[in-house]
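Sharing a model prediction with you, sequence too.
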Amino acid sequence: MSLSAWRAALRIARRDALRAKGRSALIIAMIALPVVGVTGADIVARSSQLTPQERSTRLMGTADAYVSTGRQPGWRLVQAPDPDPRTTTVLSQSGPKPTPTPEEEARAALPLERLLKQALPAEARLLPVEATVVSHLTSTSYGQGQTQTWGLDLADPLARGITTLRQGSWPAAPYEIAASTGFLTDSGLKVGQDTTLKGTTQPLRITAEVEYPGDLKVSRLTGRPGELSGLLAALPEESTSPTAPGARDYLLALPGHAAFSWEAVQNANAYGFTVASRAVLADPPPATAVSSSTRAEDDRTAFNKRTIAVTVVGMALLEIVLLAGPAFAVGARRSRRQLGLLAACGGNRAHVRRVVLGGGIVLGTAGAAAGAVLGGLAVLAGRSWLEARSGVRFGHFALEPADLLGIMTIGLVTGLLAAIVPAVQAARQPVLAALTGRVTARPPARWLAFAGAGLILTGVAVALLGRVESTGSRSVLAGSVLAELGLIACTPLLVSLFGRLGRFLPLSSRLALRDSARHRGRTAPAVAAVMAAVAGAVAVLTFQSSSDSASRSSYSASAPTGAVVLRAYPVSEGGHVSAPASAKNATDLRTAIERTVPDLGRRADLAVLGYGACDGAPGSFCGNARLLIQGNCPDLSGPGAIDLGVQRAAAANPACATLLREPDDIRELISGDATVLHNLLGVDSPAATQALDQGRVLVQDPRYLVDGKVVLQLTRYGATGPDGNQLSTVSLPGTLVQGEVQGARAVLSPTAAQAAGLLPSSTESVWRPARTLASAEEQRTKAAVVQTGDHGKLSVERGYQAGSANAVVLGLAIAAAAVAIAAAAIATGLAATDTQGDLATLAAVGAPPGVRRRLSGFQCAVVAGMGAVTGVLAGLVPAAAIQRVLNLGFTGGAGSSGSLQVATAGPLVIPWAFLAALAVGLPLLSWLLAAGFTRSRVPLARRTE
Amino acid sequence: MTTTEIRDPEGAVLRLRGVSRVHGNGPNRVHALRGIDLTVRPGEFVAVMGPSGSGKSTLLTLAGGLDSASSGQVRVEGQDLGKLSGAALSAVRRRAIGYVFQDFNLIPALTAAENVSLPRELDGVSTRRARTEALSALAETGVADLANRFPDQLSGGQQQRVAIARALVGERRLVLADEPTGALDSTTGETVLAVLRARCDAGAAAVMVTHDSRHAAWADRVVMLTDGQVIEERERQDDSAAGTDVAR
């Protein structure tokens, strides 16, 4: 076809788009919306990808290199050009035992300063950086808070760019510090105020508010080198800590900012230092010059994520094609006579097709361009919000022309795809029929229905029978997509089958159903669009309700609902756990909590029991005490346990329950009194209290009782035995009790515990207030714990919480309903155009004015109803498939500890109420909306353009 | 793309030989046309009259290749339309036949000049040349000054003149007009007919379906149809309205 014919077709399409402004705006908006999203995401992703120069500035300011001495100074290491702790290897440590060479041992013995001098160019200037991620408590306006402490002379020109000064001035005098914005927000302190590190008395004056562009939320105090670390080093408990802060890193500057070469980096590596060089980052050496051990492994999850992203975007585009398709169909139908005229002037089928496709090109281009511009503007306008959300400043505002062109092409293709079916249909209609307005209904194409049925069967088979992979299942994705495409192909046939139900319905609904069935060209895409939206929502919601039900059933409350639980941590003194200090800490915490919320009721103090003190004191040992259960469980720590059959058998074996259970908050063995029984287990029987006093062990699970005895297995680590551990068992008389929750598997009296050789390993207190604490009260008590030294943890048992799932459910339901109603409304608008003649005839034979309203309502409801019913069916396939994958897949293998975790996916739970609401509620809502927005006056029948 | 046309050996623009058109099957079978013979030569203006359902419009759609004959032969510029593919028929409509309908003749999204140049552009002629040809066709129908107006900015009579210009743009010389004055008042109708008459006098051929015998008076020949058959064919005589009966 010649260029001028194309030009004529595009001219008609463009002017038509301008004439039908409402319809064009609708299509442009539909195409633009995903383009806005993808463009925004692309710009954000590109802007967050720092250039080597930007990365260097954030890491080393204006210096030429960043030297790290944190590995094993003196021992040779290999690093990647962009040093990454995960791939950096100290060669002598790569084997099972460190094997340093004599030269390395000699170097390691040298002081760090001398080693640095040898490793780095002699003319280099070094600026020390004390960068640590360890947090310390410091005073705030509310009490105390955790913060990082750094040592770096921010006023030095080399440090420029590592931080941004937001207010105040750089620390210049001793004990002046710069506080990060995150610290000032958390602490409530302002520039000019003082803070004090816990355990010290030296006030630190905040002179600057600074922002770390790579971590906007970090809470960090930066003083001059040696000051903060010096204060902390003076603390007794810090001096023994292996993470003692100190100058371990350096900013390095060469005269005239010369390049720090890859050879120089490798030379520094020989002395055990890692170096990030500005020059090497900007111009990395060839791969042959880099040790292969430093290369990161291929990320398989990235591939899976990409597959999922492509599928989601693809399905979204399909949805838009389905939604915009009917709009093009109505355009083609409205300009039927115009297209007939074109044919009468000598236009052939290709010419007619191209006019309709031209609409797709024109609106697709407009939508893509509008979307790209809006996406860019949205990111520009929301930049600071986006940066605050992600916690990282963009390097620069990156517009990648190739990306944008690609995204806009997707928009254009969406428009074209949406116009294809209407274009083919318009070109196929006889010229005479187009000119006279006579349209004949044709039966749905059989081959399409057959192809659709084939796709559905293949898709269901692939989704439900496909291979299950450990890292997620692409067969589910592929199968679900195939089945959905198949259903879309079958929609014309389904619509025509639905049409046969018409004879059983009253006039308005009969007319609506027959009309929808006759005009499948506009009905089928709309039904398919509703179906796709509903299917997606049903799939996610069914999966959601199944996993929610599984989580609910596997949830084990650690205390009765409403109980307030305080766990006091052991306190060390002089390298060992100190019993008096721990007891004082527990008392302080209890007092603080009871002062904050006075009406908590009676307190129950309990001890979690262990075997061996394991505190490093002379004569102490480490061990473990655990309840034995009836029956035998195979050894799950051996190599054979990886076999799926063995794992399934173990999962079904109650004797393996203690091995297979997920880590939970249930205490194994505790000692306590009657108040503990009441507060922690909800056991109030005098018999239980009596049994406890008699030295019996109270259990709630009958499997722990063998012939009235409870058997404890005691393991002493490191003692002589087959695997270095010594095993022994203790049998104690047991009593079965029935409580509200299993807060502990077994309860003993303190004297019985002592008799059995069990020692308290930590202390807890449980209150059972008459009411559940309000969130504000919980916050206050938690703050009280932090202010008392933060050596404890407070929790309020609130029972199973569905988490954010409900918001997901609501959002999905709203999105599905919006898409469904939009699709139904488009189809109804189309129907209104087609049925004007019928309405005039109806009015002429005496139909009341309300009939038009009812007809519109039913037309909308028919589309929404057909789509909702098929969508519910289509959505159950992927949900069932995903559930199957989760039930078959084991989330973890046999670990060295002999425990393994079985995915507790549970059965497929179908949210019937929600599905019913979709299948009934959607058509009803569509009916009401369409009927409400339709004028009942019947216009005069006249020929349309 | 070739622009040379196969001309009729006898110089006829349109030639119908024993043309019949049957719609439907069995008891629904309807004979719209029965064995029609008609020849139209260059410069000739033929009016087709008859009651509703007599087959006038069917005759026009068959002559324009919009519908195909059940039997018989339709030749336009010597080409047998029955033997042409859909694409070739479209090409014949682009190059040899022009249509003028009662109303809604023009594509609303295109200006008068663009409407006229449309068949030429579809035929692959460059936009510039198509526009030049369209402007000259518009000048011949007396509406050159309206070239850049859209159809909704034109009166009914102006629209029909633009439609006639489009029907005759390029090398086309057969106008098939279906009640071209049906939607116009009588004065405007007369002006449009005068234009059509003038184009025929300049060498074009026209077949016009009409109900109105006053309009038929503009034609060189009047063909009367009833129940799909020609019952009378009258030649216009310069000084009298009386026709010559032609034996069937």
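Sure thing, it's come through. What you see is a predicted model; the values in this text were computed from it and never measured.

Quick check: residues of the stretch 651-800 of chain A near chain B?
Proximity of the stretch 651-800 of chain A to chain B (Cβ under 8 Å from any Cβ of the partner chain) involves no residue at all. In this view, the C-beta of every residue, glycine as well, is placed from N, C-alpha and C.

Remind me what the helix or strand hosting residue B:98 packs against, helices and strands.
For residue B:98, the element it lies in under DSSP states H and E is strand B:97-100. Packing partners of strand B:97-100 (3 or more Cβ pairs under 8 Å, 6 or more residues apart in numbering or on different chains; DSSP states H and E): helix B:156-167, strand B:174-178.

can you tell me which of those comes nearest to residue A:53?
Shortest distance between residue A:53 and those, using Cβ to Cβ, is found for helix B:156-167: 64.4 Å.

what packs against whichever helix or strand comes after the strand holding residue B:98?
The helix or strand immediately downstream of strand B:97-100 is helix B:112-122, counting by DSSP H and E. Applying 3+ Cβ pairs under 8 Å, 6+ apart, one finds that helix B:112-122 makes contact with helix A:3-19, helix B:86-95, helix B:127-140, helix B:156-167.

For the strand holding residue B:98, which outside residues touch it?
A:344-346, B:63-65, B:76, B:93, B:105, B:119, B:160, B:163-164, B:166-169, B:172, B:174-178, B:180 (Cβ atoms under 8 Å, 6 or more residues apart in numbering or on different chains).

next one: stretch A:852-859
By Cβ under 8 Å, 6+ apart, stretch A:852-859 touches A:508-509, A:511-513, A:515-516, A:827-828, A:831-832, A:835, A:839, A:842, A:926-928, A:930-931, A:934-938.

Would you mind checking the average pLDDT for it?
Averaged across stretch A:852-859, pLDDT comes to 83.

now swap in stretch A:381-389 and tell me
87.

Run a quick check on residue A:795 versus residue A:563, I expect a contact.
No - with contact defined as Cβ atoms under 8 Å, residue A:795 does not count as touching residue A:563 (9.0 Å).

With adjacent residues omitted, what lies nearest to residue 181?
You didn't pick a chain, so chain A it is. Distances taken as Cβ to Cβ, 6 or more residues apart in numbering or on different chains put residue A:211 closest to residue A:181, at 5.2 Å, once the chain neighbours are dropped.

oops, chain B please
In space, residue B:181 is closest to residue B:189, 3.4 Å off (Cβ to Cβ, 6+ apart).

any idea of the angle whatever helix or strand that neighbour lives in forms with helix B:156-167?
Following DSSP H and E, one finds residue B:189 within helix B:186-201. For helix B:186-201 against helix B:156-167, the angle by axes from the mean of the first three to the mean of the last three Cα atoms, to 10 degrees is 20 degrees.

contacting residues around helix B:186-201?
B:43-45, B:140-142, B:155-157, B:160-161, B:164, B:168, B:175, B:177, B:180-181, B:184, B:206, B:208, B:215, B:218, B:220.

Tell me the secondary structure at residue A:146.
strand (DSSP: H, G, I helix; E, B strand; the rest coil).

May I have the beta-bridge partners of it?
Beta-bridge pairing for residue A:146 (DSSP bridges): residue A:137.

Hmm, it is touching residue A:219, no?
Yes - counting by Cβ under 8 Å, residue A:146 touches residue A:219, with 7.0 Å between them.

More neighbours: which of the two?
residue A:219 (21 against 16; other Cβ atoms under 10 Å in any protein chain shown).

and the gap between that one and residue A:182?
5 Å (Cβ to Cβ, to the nearest Å).

still on that earlier bit, drop anything exposed from the contacts of stretch A:852-859.
Listed as buried from those are A:508-509, A:511-513, A:515-516, A:827-828, A:831-832, A:835, A:839, A:842, A:926-927, A:930-931, A:934, A:938; burial here means 16 or more other Cβ atoms under 10 Å in any protein chain shown.

Which of these fall in helices?
Assigned to helices by DSSP state H, the following of the buried ones among the contacts of stretch A:852-859 qualify: A:508-509, A:511-513, A:515-516, A:827-828, A:831-832, A:839, A:842, A:926-927, A:930-931.

Roughly how far does residue A:409 sit from chain B?
Using Cβ to the nearest Cβ, to the nearest Å, we find residue A:409 at a distance of 26 Å from chain B.

that's a strand at that residue, yeah?
No - per three-state DSSP, residue A:409 lies outside any strand segment and is helix.

can you count the residues close to the residue nearest to residue B:181?
21.

what's the answer for residue A:192, then?
Other residues close to residue A:192 by other Cβ under 10 Å number 10.

And for residue A:350?
Residue A:350 - counted by other Cβ under 10 Å - has 15 other residues nearby.

what residues are up against the nearest residue to residue A:127 once chain neighbours are set aside?
Residue nearest to residue A:127 in three dimensions, not counting chain neighbours: residue A:251, with 4.2 Å by Cβ to Cβ, 6+ apart. Going by Cβ under 8 Å, 6+ apart, residue A:251 touches A:60, A:61, A:63, A:65, A:66, A:67, A:126, A:127, A:129, A:158, A:159.

Equivalent analysis for residue A:315, please.
Counted by Cβ under 8 Å, 6+ apart, residue A:315 has contacts A:481, A:484, A:532, A:536.

Compare these and tell me which has the most neighbours.
residue A:532 (29 neighbours).

Tell me how far the residue nearest to the spatial centre of chain B lies from residue A:929.
Nearest residue to the geometric centre of chain B (Cα atoms, centre = their mean): residue B:176, 0.8 Å. Applying Cβ to Cβ, the value for residue B:176 to residue A:929 is 48 Å.

What of residue A:183?
52 Å.

Tell me which of these two has more neighbours.
Counted by other Cβ under 10 Å, residue A:183 and residue A:929 do not tie: residue A:183 has more neighbours, with 26 against 19.

any idea which helix or strand carries the more buried one?
helix A:181-187.

In the sheet, which strands lie alongside the helix or strand that comes right after that helix, parallel or antiparallel?
Using DSSP H and E, the helix or strand that follows helix A:181-187 in sequence is strand A:194-195. When pairing is defined by DSSP bridges, strand A:194-195 lines up against strand A:204-211 (antiparallel).
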